[in-house]
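Chemist: Sequence plus the predicted model coming up.
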Amino acid sequence: MSAILNQANKICTEHLLNAPASLNKHDKKWQLTFVENHVSKEKTIEVSPIPSHVILTIPSENSCFKIDKTTLTDIVKEKKLEKLQEIGEVNGVASSLETSLDGGINGGAEDIAHRREAFGSNTYKKPPSKSFFYFVVVDGYARMLVTSVGMNTTWGQMMSQLTGDNNEQTPLQIRLNKLTSAIGMVGLAVALLVLVVLLVRYFTGNTKDENGSTEFNGSSTKSNDIINAVVGIVAAAVTIVVVAIPEGLPLAVTLTLAYSMKRMMADKAMVRNLSACETMGSTTTICTDKTGTLTLNQMKVTKFWLGKETMDEAYSSISSFVVNLIHQGVSLNTTGSVYRGSTGSGFEFSGSPTEKAILAWAVLEMKMDMEEMKRNFTILFVEAFNSQKKKSGVLIKKKEDNTVYVHWKGAAEMILAMCSSYYDASGVMKDLNEEERMEFKKIIQGMAANSLRCIAFAHKQVAETEEEDVKEKKKLEGENLTLLGLVGIKDPCRPGVKKAVEDCRYAGVNIKMITGDNVFTARAIATECGILRPDQDRGAVVEGEEFRNYTPEERMQKVEKICVMARSSPFDKLLMVQCLKQKGHVVAVTGDGTNDAPALKEADIGLSMGIQGTEVAKESSDVVILDDKFDSVATVLEWGRCVYTNIQKFIQVQLTANVAALVINFVTAIFAGKALLTIPKLLWVNLIMDTLGALALATEKPTKKLMKKPPVGRTEQLITNIMWRNLLAQALYQITILLTLQFKGESIFKVTEAVNDTLIFNTSVLCQVFNEFNARKLEKKNVFKGIHKNKLFLGIIGMIIVIQALTVEFLKRFAGTERLNWGQWGACIAMAAISWPIGSIVKCIPVPERPIFSYLKWK
């Protein structure tokens, strides 16, 4: 059945490519429908299978029309359309077949059940005959006819029906919302208390107006006065709620993350998911590829073994018969190509890095003519390379004498296991006994120990009768091959990789290398990169199959000790990530291939390669490393910690302002009957804190000190004891100075109440500005270190001061302020500047390691 379906697909595609303009749209549509659905539903079709193909008998109005492999070709060919008239033209066939354009991608249970009934066990299930947008080709290669793009694809039509987004929050935002809710509850409770106290004071006659008279005198008080008084009391309570809730905190954090994402682009890291910025700071383990990440991915053949001899430069002494076989195996069993432009220009090679290295060696050293090989041979069948098999094969026929060969290429130890003989340099075939097999294994291990990737070539001449067997079984012969040769491919380590690995380890992050190379190559590269110490025990290096065959308990016990996993498949990589996460690790994974997508998705942070990475890998990742270097992975780790620290700095400043304002407004509302900081003033303070203040602290760049600390735990408290110490000390100072101004300011400065309120407002804002400097260093006393390098921070602080001066001096109607003289400005600045020495003194006070408010579970 599959033969006729494949033929239908091929013929219809060819016909559409060459269809004349006169062919109507309905005819084209039916042809596509026929191929897409493979007769997915029908009413009156009888299926009579015969050994080589299937005949479909379609009854028409007057007779039956049999469609077999030949007549199907006639039907869809434009020149044979007259045959359709026998069964009522295309419309007659279409009416006999209940097909649906949606059946190919959205086939239901009824449709599948009918196919099984009609076609027996050889049922076409998945995937559909057409490839759709976002379908993934895991391995192999083919040509593709694109019929629709963008929103005209089936995927585009489905996506156009989706509206809105899922508003998914990052883990940090969830914790911030919990913090905001907790503070809001405290503020609401205080506001209700203020409301009750003020109402009781008012209606019991304990409040006085500006003239010193009692405001409420029972029935003699006018209703308008009562309403105005109650509204004022409610406004004071609402003001406290506004003060308490840091409503701009999530927005400020988002601004911080967005700014950091932009800065990370300059360091060759494109962040795709906002949560990656925060999570990377908590990473405890990085699972990295070898090729292209730790190494340059600039491969070159540096060793060639023919038989048991190394052929460094003596290629001319090799038998021409063996050379020709190697040329066949290299030129016809490859997905790469060789191109040479104008006369005299050099060769250009395409394909994977491994393919390009082998082609370059064969063309430049072995004098291979790829075009000549393709002219002399016909490719009959290809078994493509994939990461599980780690080998590829091809069935070819020589046009001159019709001799048929099988050629294999792949991982040396796997190809060697398929061989029973080998050629020496003179072209003599020799048996491969156990003793000689061990010698070849030692050769392979020796190359691997020198960080070489070892690739083997083997072939076998097969009988012509085996050609049909291969086509029917869809599998190449893989036994009793003759070994043609071994090549060692060198892929140098990237400069700076060893230092980057050391930096990560010093930061408490474990590095694990997961590669498809054999154990010896993997061990050599890992040692060269600093991932593996020469004296490390054997348990640090395992093969993927060994790890896969562990029991779940053994895997959980050994996974943390493993530093290198060789000969691994994508499934092994995914399994390791899952085990590490179960052990409580925050895992980052690097990957560049389509098969890496599951591990990239499963990891806490997926890091794809921007140059060598496939689109599928990039879509599955959180961060794209634009230069494919491991140094950039370490930079992303550094940035993740910087982002987390900057957010903590901002939270410290924000909560200091909120705690101080909450206490001040509570005290003044209770004792003075009105809130000290009015809503317009609070809006301005919040604007400073939520936008400009956050942006100022977000501009702090990563420092090397960040990489000297252990990773931030997945469940570690957002507000540390150090932060509580700093913010409570600053809040206490601000409360003291502002309440002193409230109750004694007029007498101290000999000013009116309006000017005194302006002094309080101005001092409050300047305290927040000076506290921005304190927050730059949560633990260090010298908060000015490196400040000259952060011009953006200084610029934002300068902008805040200028706007504050304009507000005080020229926006009286908006802010309710009065102009201040130079002496009053100096007093405000002096009072705010005292927060600097207070911050330095407070940082000398030790704090316990256990979070003070851990029982509240503010995570």
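Modeler: Perfect, thanks for sending it. Numbering: from 1, shown residues only.

Chemist: Next one: the residue lying closest to residue 559 once chain neighbours are set aside from residue 755, what distance?
Modeler: Leaving aside its sequence neighbours, residue 559 sits nearest to residue 579 (Cβ to Cβ, 6 or more residues apart in numbering; 4.3 Å). Heads up, the C-betas are built off the backbone N, CA and C, glycines and all. The spacing between residue 579 and residue 755, counted by Cβ to Cβ, to the nearest Å, is 68 Å.

Chemist: repeat for residue 462
Modeler: 103 Å.

Chemist: How about residue 523?
Modeler: Residue 523 is 77 Å from residue 755, by Cβ to Cβ.

Chemist: So between those two, which is more surrounded?
Modeler: Using other Cβ atoms under 10 Å as the criterion, residue 523 and residue 755 rank with residue 523 on top: 25 against 19.

Chemist: mind checking the SS state of that one?
Modeler: helix (DSSP: H, G, I helix; E, B strand; the rest coil).

Chemist: so it touches residue 541, yeah?
Modeler: Yes - between residue 523 and residue 541 there is a contact under Cβ atoms under 8 Å: 5.5 Å.

Chemist: ok, back up a step: the residue nearest to residue 559 is in what secondary structure piece?
Modeler: Residue 579 is part of helix 570-582, with elements assigned from DSSP states H and E.

Chemist: Which strands or helices does that helix pack on?
Modeler: If contacts are counted by 3 or more Cβ pairs under 8 Å, 6 or more residues apart in numbering; DSSP states H and E, helix 570-582 sits against strand 285-288, strand 510-514, helix 544-549, helix 552-558, strand 564-566, strand 587-591, helix 597-602.

Chemist: Relative to residue 303, which of these is closest?
Modeler: Nearest of those to residue 303, taken as Cβ to Cβ: strand 564-566 at 19.5 Å.

Chemist: So which bits of the closest one are buried?
Modeler: Neighbour-count burial for strand 564-566 flags 564, 565, 566 (criterion: 16 or more other Cβ atoms under 10 Å).

Chemist: out of those residues, who's nearest residue 355?
Modeler: Nearest to residue 355 out of the buried residues of strand 564-566 is residue 566 (Cβ to Cβ; 21.4 Å).

Chemist: any idea how far residue 201 is from the closest residue to the closest one other than its chain neighbours?
Modeler: Excluding the flanking residues, the one nearest residue 566 by Cβ to Cβ, 6+ apart is residue 522, at 3.8 Å. Distance of residue 522 to residue 201, given as Cβ to Cβ: 78 Å.

Chemist: Compare neighbour counts for those two and give me the winner.
Modeler: A count of neighbours by other Cβ under 10 Å puts residue 522 above the other of residue 522 and residue 201, at 28 against 16.

Chemist: need the contact list for that one.
Modeler: Residue 522 is in contact with 290, 513, 515, 541, 564, 565, 566, 567, counting by Cβ atoms under 8 Å, 6 or more residues apart in numbering.

Chemist: pLDDT on the helix or strand hosting residue 761, on average?
Modeler: With secondary structure defined by DSSP H and E, residue 761 is part of helix 753-775. What helix 753-775 shows for mean pLDDT is 91.

Chemist: swap in stretch 640-652?
Modeler: For stretch 640-652, mean pLDDT is 87.

Chemist: can you list the residues that contact it?
Modeler: 172, 176, 179, 249, 252-253, 256-257, 260, 276-283, 507, 693-694, 697-698, 700-703, 706-707, 709, 711-712, 718-720, 723, 726-727, 775-776, 778.

Chemist: residues contacting the residue nearest to residue 559?
Modeler: The neighbours of residue 579, taking Cβ under 8 Å, 6+ apart as the test, are 555, 556, 559.

Chemist: hmm, which of those are the buried ones?
Modeler: Here, 16+ other Cβ under 10 Å leaves 555, 559 buried among these.

Chemist: Closest one to residue 766 out of the contacts of residue 579, please.
Modeler: residue 559 (54.3 Å).

Chemist: Surely that closest one and residue 577 touch.
Modeler: No - in this structure residue 559 lies outside contact range of residue 577 using Cβ under 8 Å: 9.8 Å.

Chemist: Which residue ranges of the stretch 651-800 of the chain form helices?
Modeler: Secondary structure of the stretch 651-800 of the chain, counting by DSSP state H, counting those that start in this stretch: helices at 679-687, 694-698, 721-749, 753-775, 791-810.
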